[in-house]
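Colleague: sequence first, then the predicted structure, then my questions.
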Amino acid sequence: MMAKPVLVIGNKNYSSWSLRPWLLLKQFGIAFDEVRIPLFTEQMPELMAEHTPCNKVPVLKDDDFAVWDSLAICEYINQHFLVGKGWPEDPRLMSLGRSAVAEMHSSFPDLRHELPMNVRRRYDGVSLSAAAQKDSDRIISLWQQLLAHSNGPWLLGQFSIADAFYAPVASRFMTYNIELPSELKAYCQQVLALEAYQEWLSAAKAETEVIAEEEVEL
């Protein structure tokens, strides 16, 4: 019997990058083992050294092979476990999805900073800076573009790497009660209603660690 892959992740309440490959594996029913390492603790470097020299989560270990970085992990999962089903077959839709995921991977710094992922909390009255509002507006426009091309209900029609990558944004929008067009609010609620996401949320609520800089005070 082949050994299951191992996904090394951080705190489920805060680690948006960990959620992405975790959700992709869960949604496609790929069995894996999970190693959780609390973020920003004195023990983290030593614990991470067992899995990768980069000292960052997530990491996917497949036998004696390790892949780090969420995007690289998701592409590895797609190629080695999903037989390409992590992306739609239509080449244009696939290219749009890859563009959207690459943009998520490299952009939106102000939104990330001002609205850190915190699935345990709910806020009202959050005021975004002009830069964070610009990030939010761009994501809204991007989601609308993808849904218009795919006809939904997921960003690329069927659940894909794109939805896994934007799931932490959907979580943020709900956590901070960001105003959204009705169809995008419904999309966020659809993401958060996934059985896999609910499993993640339940585990996050059971965590006891608090990372002060990730807790927004209004």
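Modeller: That came through fine.
Colleague: switch to C-alpha atoms for all contacts and neighbour counts from now on
Modeller: Will do.
Colleague: may I have whichever strand or helix holds residue 148 as CSV, with CA atoms only?
Modeller: Following DSSP states H and E, one finds residue 148 within helix 130-150. Extracted in CSV, the C-alpha atoms of helix 130-150 (Å, rounded to 0.1, in the frame of the first residue of the first chain):
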residue,chain,number,x,y,z
ALA,A,130,-7.9,53.3,0.0
ALA,A,131,-5.3,50.7,-0.9
ALA,A,132,-7.1,47.8,0.8
GLN,A,133,-10.4,49.0,-0.8
LYS,A,134,-8.6,48.9,-4.2
ASP,A,135,-7.6,45.3,-3.5
SER,A,136,-11.1,44.4,-2.5
ASP,A,137,-12.6,46.0,-5.6
ARG,A,138,-10.1,44.2,-7.8
ILE,A,139,-11.1,40.8,-6.3
ILE,A,140,-14.8,41.6,-6.7
SER,A,141,-14.2,42.5,-10.4
LEU,A,142,-12.1,39.3,-10.9
TRP,A,143,-14.7,37.0,-9.4
GLN,A,144,-17.4,38.6,-11.5
GLN,A,145,-15.3,38.1,-14.6
LEU,A,146,-14.6,34.4,-13.9
LEU,A,147,-18.2,33.7,-13.0
ALA,A,148,-19.4,35.4,-16.2
HIS,A,149,-17.1,33.2,-18.3
SER,A,150,-17.9,30.0,-16.5
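Colleague: contact partners of that helix?
Modeller: 93, 96-97, 100, 108-111, 114, 153-157, 180, 184 (C-alpha atoms under 8 Å, 6 or more residues apart in numbering).
Colleague: among those, who's most crowded?
Modeller: Using other C-alpha atoms under 10 Å as the neighbour criterion, residue 155 leads those with 27 neighbours.
Colleague: thought it was touching residue 162?
Modeller: Yes: Residue 155 is within contact range of residue 162, at 6.8 Å (criterion: C-alpha atoms under 8 Å).
Colleague: still on that earlier bit, just the angle between the following helix or strand past the helix holding residue 148 and helix 130-150, please?
Modeller: Sequence order places helix 161-175 as the next helix or strand after helix 130-150, per DSSP H and E. Here helix 161-175 runs at an angle of 130 degrees relative to helix 130-150 (axes from the mean of the first three to the mean of the last three C-alpha atoms, to 10 degrees).
Colleague: which elements pack onto helix 161-175?
Modeller: Helices and strands touching helix 161-175, as assessed by 3 or more C-alpha pairs under 8 Å, 6 or more residues apart in numbering; DSSP states H and E, comprise helix 16-27, helix 91-106, helix 182-192.
Colleague: turn those helices into JSON lines, including distance to residue 56.
Modeller: Shown next, in JSON lines, are these (distance: least, C-alpha to C-alpha, whole Å):
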{"stretch": "helix 16-27", "distance to residue 56": "10"}
{"stretch": "helix 91-106", "distance to residue 56": "15"}
{"stretch": "helix 182-192", "distance to residue 56": "25"}
